[in-house]
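# sequence plus the predicted model coming up.
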Amino acid sequence: MLNKKILYTSLSFIIPFAVYLYTLAPTVSWIDSDELSTASSLLRIAHPTGYPLFTVLGKIFTLIPFGDKVYMLNIMSAVISSAAVSLFLI
């Protein structure tokens, strides 16, 4: 029973993460992504409400030396979204 739950939880993370990676924007897209990526990489304040958790987590992800900073922020969004899907099953 526990093995099935672990399997389903891990699959509910892996499958959406694979879809998010496949459809990931390689650079800045439209609406707020340019402002939020600048605020995250420089640890500045974005427009109100400021999105402090996104900014701090984004700064951590921009420190990973893999690709462009905006690309790493898009990967962060994919990880957080996939984690939210997998936490829904718990």
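Noted; the coordinates are in hand.
# spatially central residue for this protein, please.
residue 77 (1.7 Å; C-alpha atoms, centre = their mean).
# okay, and the spatially closest residue to that residue that is not a sequence neighbour sits in which element?
Using C-beta to C-beta, 6 or more residues apart in numbering and skipping the chain neighbours, the partner closest in space to residue 77 is residue 20 (7.6 Å). Yep, even glycine has a C-beta here, placed from its N, CA and C like the rest. Element membership of residue 20, judged by DSSP states H and E, is helix 2-22.
# got the CA coordinates for that helix in PDB?
Extracted as PDB, the C-alpha positions of helix 2-22 are listed here (Å, rounded to 0.1, in the frame of the first residue of the first chain):
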ATOM      1  CA  LEU A   2       2.800   2.400   0.900                       C
ATOM      2  CA  ASN A   3       4.700   1.500  -2.200                       C
ATOM      3  CA  LYS A   4       1.700   2.400  -4.400                       C
ATOM      4  CA  LYS A   5       1.400   5.800  -2.700                       C
ATOM      5  CA  ILE A   6       5.100   6.500  -3.200                       C
ATOM      6  CA  LEU A   7       4.800   5.500  -6.900                       C
ATOM      7  CA  TYR A   8       1.700   7.600  -7.500                       C
ATOM      8  CA  THR A   9       3.200  10.600  -5.700                       C
ATOM      9  CA  SER A  10       6.500  10.400  -7.600                       C
ATOM     10  CA  LEU A  11       4.700   9.900 -11.000                       C
ATOM     11  CA  SER A  12       2.400  12.900 -10.200                       C
ATOM     12  CA  PHE A  13       5.600  14.900  -9.900                       C
ATOM     13  CA  ILE A  14       7.600  13.400 -12.800                       C
ATOM     14  CA  ILE A  15       4.900  13.500 -15.500                       C
ATOM     15  CA  PRO A  16       3.900  17.200 -15.100                       C
ATOM     16  CA  PHE A  17       7.500  18.100 -14.700                       C
ATOM     17  CA  ALA A  18       8.300  16.500 -18.000                       C
ATOM     18  CA  VAL A  19       5.400  18.300 -19.700                       C
ATOM     19  CA  TYR A  20       6.500  21.600 -18.200                       C
ATOM     20  CA  LEU A  21      10.100  21.000 -19.400                       C
ATOM     21  CA  TYR A  22       8.900  20.200 -22.800                       C
END
